[in-house]
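Asker: sequence first, then the predicted structure:
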4 protein chains.
Amino acid sequence: MTDLEGPRDHCGVFGVYGHEDAAKLTYFGLYALQHRGQESAGIVASDGKKISEYKSMGLVHDVFKEETLERMPGHLAIGHVRYSTTGSSLLINAQPFTVRHAGRTISLGHNGNLINAHGLRKRLEQEGSIFQASSDTEIIVHLIAKNLWLGFEEAVVKALGMVKGAYSLTMMTEDMLIAARDPKGFRPMCLGSLNGGWVVASETCALDLIEAEYVRDVEPGEILFIDKNGVKSVKPWPETRSAFCIFEYIYFARPDSNIYGHNVYAIRKRQGAELAKEYPVDVDVVMPFPDSGNYAALGYAEARSMPLDLGMIRNHYVGRTFIQPSQTMRDFGVRVKLNPVKALLKDKRVLVIEDSIIRGTTARTRIKAIKDCGVKEVHMVVSCPPHRFPCYYGIDFSSRGELIACDNSVEDIAKYIGLDSLGYLSLDGLISSTKVEKEWFCLACFDGDYPEGPIDGLSKHCME
Amino acid sequence: MTDLEGPRDHCGVFGVYGHEDAAKLTYFGLYALQHRGQESAGIVASDGKKISEYKSMGLVHDVFKEETLERMPGHLAIGHVRYSTTGSSLLINAQPFTVRHAGRTISLGHNGNLINAHGLRKRLEQEGSIFQASSDTEIIVHLIAKNLWLGFEEAVVKALGMVKGAYSLTMMTEDMLIAARDPKGFRPMCLGSLNGGWVVASETCALDLIEAEYVRDVEPGEILFIDKNGVKSVKPWPETRSAFCIFEYIYFARPDSNIYGHNVYAIRKRQGAELAKEYPVDVDVVMPFPDSGNYAALGYAEARSMPLDLGMIRNHYVGRTFIQPSQTMRDFGVRVKLNPVKALLKDKRVLVIEDSIIRGTTARTRIKAIKDCGVKEVHMVVSCPPHRFPCYYGIDFSSRGELIACDNSVEDIAKYIGLDSLGYLSLDGLISSTKVEKEWFCLACFDGDYPEGPIDGLSKHCME
Amino acid sequence: MTDLEGPRDHCGVFGVYGHEDAAKLTYFGLYALQHRGQESAGIVASDGKKISEYKSMGLVHDVFKEETLERMPGHLAIGHVRYSTTGSSLLINAQPFTVRHAGRTISLGHNGNLINAHGLRKRLEQEGSIFQASSDTEIIVHLIAKNLWLGFEEAVVKALGMVKGAYSLTMMTEDMLIAARDPKGFRPMCLGSLNGGWVVASETCALDLIEAEYVRDVEPGEILFIDKNGVKSVKPWPETRSAFCIFEYIYFARPDSNIYGHNVYAIRKRQGAELAKEYPVDVDVVMPFPDSGNYAALGYAEARSMPLDLGMIRNHYVGRTFIQPSQTMRDFGVRVKLNPVKALLKDKRVLVIEDSIIRGTTARTRIKAIKDCGVKEVHMVVSCPPHRFPCYYGIDFSSRGELIACDNSVEDIAKYIGLDSLGYLSLDGLISSTKVEKEWFCLACFDGDYPEGPIDGLSKHCME
Amino acid sequence: MTDLEGPRDHCGVFGVYGHEDAAKLTYFGLYALQHRGQESAGIVASDGKKISEYKSMGLVHDVFKEETLERMPGHLAIGHVRYSTTGSSLLINAQPFTVRHAGRTISLGHNGNLINAHGLRKRLEQEGSIFQASSDTEIIVHLIAKNLWLGFEEAVVKALGMVKGAYSLTMMTEDMLIAARDPKGFRPMCLGSLNGGWVVASETCALDLIEAEYVRDVEPGEILFIDKNGVKSVKPWPETRSAFCIFEYIYFARPDSNIYGHNVYAIRKRQGAELAKEYPVDVDVVMPFPDSGNYAALGYAEARSMPLDLGMIRNHYVGRTFIQPSQTMRDFGVRVKLNPVKALLKDKRVLVIEDSIIRGTTARTRIKAIKDCGVKEVHMVVSCPPHRFPCYYGIDFSSRGELIACDNSVEDIAKYIGLDSLGYLSLDGLISSTKVEKEWFCLACFDGDYPEGPIDGLSKHCME
């Protein structure tokens, strides 16, 4: 699975308070979080009085020009990168989502997915609320607006108390930065400091880039109100079993990020080492699908004292979309992105290491390209268990039909992909690689045990 | 050295004759050759009567849209990707360079650098020739136009006989594809076949992508005239010592390409193995600068039975240019592209493997980022000898001042970069890794022995 | 006063129901209404189920491309052209304004200005309503949303009952076209028929262009609900004195339009004839400021049996903005647009005819250009009385400071402009030219008698 | 005939030497000459050493932005506006045409058409010259380059001595402005002065706009070399009968221009007066087709002491192209641009005054729109004789097939257009209106007497 074609996390968030170049820092923060969303990018900044915003479809480096950022002065900013399911890929759904209401500006960027969005929206509309877009995020803003008579901070607490599901969010007004994480802590979020100011981000790699110091992870159920008086932490809800998405450790998070102090690179290498124990296949060449399988492959090769090879060369100049070959040509698509080194693979027994298999189609075309080189055998090991259940908490495989492992045995999957053998890491092996207790995770995509109970008849209607 | 900042080869060329989708094949061919030039891209196609062309600044996938290619019908096409030195980065210098002259269209794409361009141009202007742009390529076209009374093929031979230096070029008229390589064969070029048609390309990776069959390398001093009568080979000049650029094997060519039957990936791994023999440094972590150092690093680790690590994470979403951090921020530039995995490197002795050092500035900032992680020691080995002499045959380090090794000892370079030790592969080790005879190569950038004799007072005035 | 620099009417509206090319008809309708708003243009269309919309800053012919309209199928459409005061010249304020609410789409285009907008908006926000833009139009939409529990048509009546001021508006849902005019009928609006379908438009010239048949003017206080059952007229409010804006007859409306059966061209010629009676100045050349003064000039010359001259040549290729001459040049601005024919004017006594003077600055620079030709005398007559009072009902001179006649005598104005004499048409002469009773008009900009009573302390906060 | 659809003159030229804002003055000069060419616009400027240029398709105000002009410093500039026949409407043919040759830059803008271009080009190509574009202009540049060994001024004289046909051209090098007019003086060109500097322009209206003082017309066969030493006039050729295009007085030139001291506005009014003598038709309404017929209409009405009406309202917001009505609509095209005032025309006998009829199609659709208003009769008079012969000297009716009067009697034309009667001004009446001798003019389009003798088998192959 590679970042261009695998499941795509729904968004990265970033916020900074107390740095004179808040918008530029946010730009760099989003750069570091780009892997969490490549569809649109947005920044909102404030100098304490005036809010400026800019968002557009595209990658961070395409969306923002120097001039744009220079027109966004101030010490306070939030930013957002987004990926969304087809159909709502519209600029109007790009974030942060900003409203000017009753003399105040409220802007909000959201990572996660609410599971009671549909009902909340319906009720609000009946009461006369008019929605601009189709995102969950706007529901939160309307709930805040309805409760502003309680005071702003109380309105935020009240609004978040009404939504269910996954959210790591950054919010701002003209003079305050707010960060909040849902009570189960599905998505990551961390707090950093920088020259007396404060930074919040989806992952620590964003802190590294701007040389902010890591302070701690934002806790599940915690809301931070950050302004000139400093950081005020509120935890309005009773503690509950946490449910962190283990797939962040397998695929989503960047390897140079730490989550709750655990380094993602190290965990992925351990996943490779566990795979080496479970599947010591006898081959001539050990290679990853780049770059998603790289880290488990390093661990696998090291554990078995075997040399590693990078048997597919990644083309770094591939655009997000490209022209389809005409019908007289065979499918060049896969070779445009990744070309196998024929001279290396010919007449060899090859083991490919990958982090996960979702639909199986990408693996299939890549394995075919490898087999076209004239290999003797081709095997594959995957650094997590089969994905059998859809995710309702912010990952883009929300129906059973999208998951090949849902209705097929491992043997059938191997056959579909064209492998001589296929091995998945066991759930125990996976947990063991994290060095964290099983209870701490949401494992629903592997075992169907949804943290907020069974979700009947829910078709995930919209995701952020 | 990485592809975005290292020396940049001057251009890739591609041509196809006898395939109904010639322009689209050329598009895919250029995609595979993008590493040879990222500044502009162009395609010219012909259906036997009408020529269509499109070129623009930018990467192949930005320049060409589906509609553009659909307006370029025909069975014959050539394409070009270009990098150039500052100052002539203008669309007018983008290639292929096309003229309509006396009822015929001539289009030409060029990889290399002519060393007698200045004098030829001056003489042509005195005779009334009017030049459109500043590239060497146009000189060849004027020389052909002046000699057309000899007949087209004779005019091509006559024109090429007047130029000196490096050229691998593809040319076309309405109904003929021409490929030519200078007598010393500085730059690579190969011939392939596809369903009865013919393909020429700078590297074999372009043949792989379109599933063309490799036939042979175009020979030094050979001109191919390809039309409905097939391929006609002409070798108008006496044989001479060849002078293939060894830097293609070290850095320029893609690892999945073969040149003269030698696989680049395998040669680079052997460079790593030679380095392991010459510099068996005692360290905890062995890592490359991605991606240029990857292959030598694999060979080094394998030769010493050490595990490999990918200690810097490459951000795949970096644009070619990006916004500069403001002065209140320290330089984020290097971390935007490559972030070291602090958790892996802290308190370790680290060995970094790289393919070459040109100016030393990039290595310096990267080593600094690694040292900021709190490493105990940091060493570096480089898979070629020091670059001491400028190149006049098509590579972008044309003055001694651009080469750190020109006036500095290895110790001084190590100190400048901030290393505990630095080792360069010996020239013998390098030659040995290629398994080819030393006499076959141009090694001028290492030993100053220029294949066409000493070049006095030449300041390379313009390059393609 | 010319259309590029004079007072600018706030918007033209158009709607069609029951024609298969509704969006294209609307495009042509807006073309005919372009003089009423040149800042943005928008069309919303429906095929009975699906709504499509497109709006952008710019003129109709710039905003809409053939492809755009082809993606807007359906038998129902509304359109809007807009001019606004500085500050809210944003795309977000472009109209029609569309919301998707509770399963229904409501789209609205508005010509006029509400005088109780500020208070209504404040109350709605306190109840939790979130506004997207700053236009009055959105208030009407929110009022409808709040009252939808009454049923759609009742909600429209209820909402319009709450707003005060001037509005001629077209509205639509997926399957209904609505047209409404405020009880005093400030702004014009007419109803036409076309092949069994229905058309509403600000002016009859839009009916002419699409060859629709004029049926009648929409009456003050009337709401038309038009759907597959035909046209339903509702008049929910008690009859009141009408207050039609007389400035439509003087300047705004196109001369080929009829309003309440009176042809604008004919009325303007009669204004010229009245001027001829009031100011029979003895001159050599009678000429208008093109094109706004053309019609009164024709009437003036005819009434006095004098030849007419077109002494200033209009440049038809002037963009809306243009580059300012640098300081070493004198002001070329006026001559770029209108160049006087020196050979005609030199040594002559000249009378210029214009429709109105608002700030006086444009007239001043033009008169200067005429005087630079070496005229003997220059006189001016204006086809309406002096503008002494601001307009709160949709015309862009909303503060007394913008009106030169507010604080200056006619003699002072003549002196400021540089005239030998200046004459304004009397109010009686103006009324007489219309052949309508005085009571039928809003004459507030001339006599300060506002139709809805004195407006204290009102600074017109936003206009449509 | 109106400027958007009538014959289109091929280009306007402008040049300035000795003013610090040369490029900006040229911008304003081109603004005034826009009626001579609306397809592309270009400016080249020099500060004595460095040349800057910018040209693009489109109108002057679209092509040039403030920033563009600010990057074009210097005291010397030339500019060009162009219209061309279909097929060569390419940016590459936009002018001024600039080459850098042998250390000098030569730039040239051309108004006119060469009649021996084809043969000259063929000969140059045989000698090895390579052309960039298809315009006549480039031939002149190549001829200069070939003769530079004679010295620059001599080379210009030599080159112009080899071309035949119509040319009014402005040329420049880094430090010299050149203006030249062909020996017969087909196209206009004048010289002005401004604060010690010099200006050349196609028409005097361009001098007026920038407040330059008219000095004199450039004479037929004259070449002006203007540099720091002042204006040097060269007349290398024997004097010959002049052949000024009379159509400039009828249609092309702006009414506020003077040519050879004769004011165009006055001449056109006299054409109307002559028409009144020749065709005193008995009607109720006298009106022009705006704006091309306006001036003759003024003269006609004045001569007969009849009132004038502007019976068609011109829409000032029409783009150059617009969306075609779909097939279910009748042709809205004519009414989009010009709407007749039905209330004025109904039941009247109408006389329309127009300057010329070329193909007759535009007149036909407009007359139809007038007849649709229910007029009793409609007559038309035209202020020149019938166009019976094509023009080879720079006007866009170059084949007999494009001219309705070529093969049709006046009665047939009247019938085709739908008129009750049609009258053309006699050739004598036309000459009389100019107050110049008949021998001074080229009247070939009316009488077929071509100034350089019969042109056999010539199909005008390319025009500037």
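Answerer: It's in. Please read all numbers here as calculations on a predicted model, not as lab measurements.
Asker: return the list of strands paired to the longest strand seen in chain A, each annotated with direction.
Answerer: The strand spanning the most residues in chain A, taking DSSP state E as the definition, is strand A:104-114. Using DSSP bridges, strand A:104-114 pairs in its sheet with strand A:97-101 (antiparallel), strand A:165-172 (antiparallel).
Asker: OK, contacts around the residue with the largest distance to the centre of chain A?
Answerer: Largest separation from the mean C-alpha position in chain A: A:D347, at 38.5 Å (C-alpha atoms, centre = their mean). The contact partners of A:D347, taken as C-beta atoms under 8 Å, 6 or more residues apart in numbering or on different chains, are A:G374, A:V375, A:K376. Yep, even glycine has a C-beta here, placed from its N, CA and C like the rest.
Asker: based on its surroundings, how many neighbours for the first one?
Answerer: The reference is to A:G374. 11 (other C-beta atoms under 10 Å in any protein chain shown).
Asker: wait, doesn't it sit right on A:K342?
Answerer: Yes: A:G374 is within contact range of A:K342, at 7.4 Å (criterion: C-beta atoms under 8 Å).
Asker: what comes up buried for the helix or strand bottoming out on mean pLDDT in chain A?
Answerer: Least confident helix or strand of chain A, by mean pLDDT, DSSP states H and E, is helix A:333-337 with a mean of 77. Neighbour counts over helix A:333-337 (16 or more other C-beta atoms under 10 Å in any protein chain shown) mark A:V334, A:R335, A:V336, A:K337 as buried.
Asker: touching stretch A:425-445 from outside, list them.
Answerer: A:184, A:186, A:241-247, A:249-250, A:260, A:262, A:267-268, A:270-271, A:273-275, A:277-278, A:381-385, A:387-391, A:393, A:395, A:397, A:446-447, A:449-451.
Asker: let me see the contact set for the residue nearest to A:R364 when sequence neighbours are not counted.
Answerer: Closest residue to A:R364 apart from its sequence neighbours, by C-beta to C-beta, 6 or more residues apart in numbering or on different chains: A:I417 at 4.8 Å. A:I417 makes contact with A:I357, A:G360, A:A363, A:R364, A:I367, A:M380 under the criterion C-beta under 8 Å, 6+ apart.
Asker: so what's A:E354 up against?
Answerer: So A:E354 contacts A:M1, A:P288, A:F289, A:S292, A:G293, A:A296, A:A363, A:M380, A:V381, A:V382, A:S383 (C-beta under 8 Å, 6+ apart).
Asker: filter the residues you listed by proximity to chain C?
Answerer: Near chain C, judged by C-beta under 8 Å from any C-beta of the partner chain, there are no entries from the contacts of A:E354.
Asker: got the residues of the stretch 1-150 of chain A near chain B?
Answerer: A:3, A:19-21, A:24-25, A:27-28, A:31-32, A:34-35, A:38, A:59-62, A:64-66, A:69.
Asker: the residue of the stretch 51-200 of chain A found nearest chain D in helix, strand or coil?
Answerer: Chain D sits closest to A:E67 of the stretch 51-200 of chain A, with a gap of 12.8 Å, by C-beta to the nearest C-beta. Look at A:E67: counting by DSSP: H, G, I helix; E, B strand; the rest coil, its state is helix.
Asker: can you tell me how far the closest residue to A:S433 other than its chain neighbours is from chain D?
Answerer: Spatially, and ignoring its direct neighbours in sequence, A:S433 is nearest to A:R270 (4.0 Å; C-beta to C-beta, 6+ apart). A:R270 sits 57 Å away from chain D, going by C-beta to the nearest C-beta, to the nearest Å.
Asker: give me the buried positions along the helix or strand hosting A:R270.
Answerer: Following DSSP states H and E, one finds A:R270 within helix A:264-278. Buried positions in helix A:264-278, judged by neighbour count with 16+ other C-beta under 10 Å: A:264-276.
Asker: widest-spaced pair of those residues?
Answerer: A:V264 and A:A276 (19.1 Å; C-beta to C-beta).
Asker: so where's the stretch 51-200 of chain A shaky on pLDDT?
Answerer: Residues of the stretch 51-200 of chain A meeting the criterion pLDDT under 70: A:84-90.
Asker: using the three-state scheme, assign the residue of it found nearest chain B.
Answerer: Using C-beta to the nearest C-beta, the closest approach of the stretch 51-200 of chain A to chain B is made by A:H61 at 3.3 Å. Of the three states, A:H61 takes helix under three-state DSSP.
Asker: so what's A:V200 up against?
Answerer: Here A:V200 is in contact with A:13-16, A:170, A:177, A:179, A:189-192, A:218, A:224, A:226 (C-beta under 8 Å, 6+ apart).
Asker: and whatever helix or strand it lives in, which residues are buried?
Answerer: Using DSSP H and E, A:V200 falls within strand A:197-201. Residues of strand A:197-201 classed as buried: A:G197, A:W198, A:V199, A:V200, A:A201 (neighbour count, 16+ other C-beta under 10 Å).
Asker: hang on, the earlier thing: how far off centre is the longest strand of chain A?
Answerer: Put simply, strand A:104-114 sits 16 Å off its chain's centre (C-alpha atoms, centre = their mean, to the nearest Å).
Asker: stretch A:133-142 now?
Answerer: 20 Å.
Asker: separation between the residue nearest to A:N258 when sequence neighbours are not counted and B:V81?
Answerer: Distances taken as C-beta to C-beta, 6+ apart place A:T204 nearest to A:N258, at 5.0 Å, with adjacent residues excluded. Remark: distance between A:T204 and B:V81 (C-beta to C-beta, to the nearest Å) = 38 Å.
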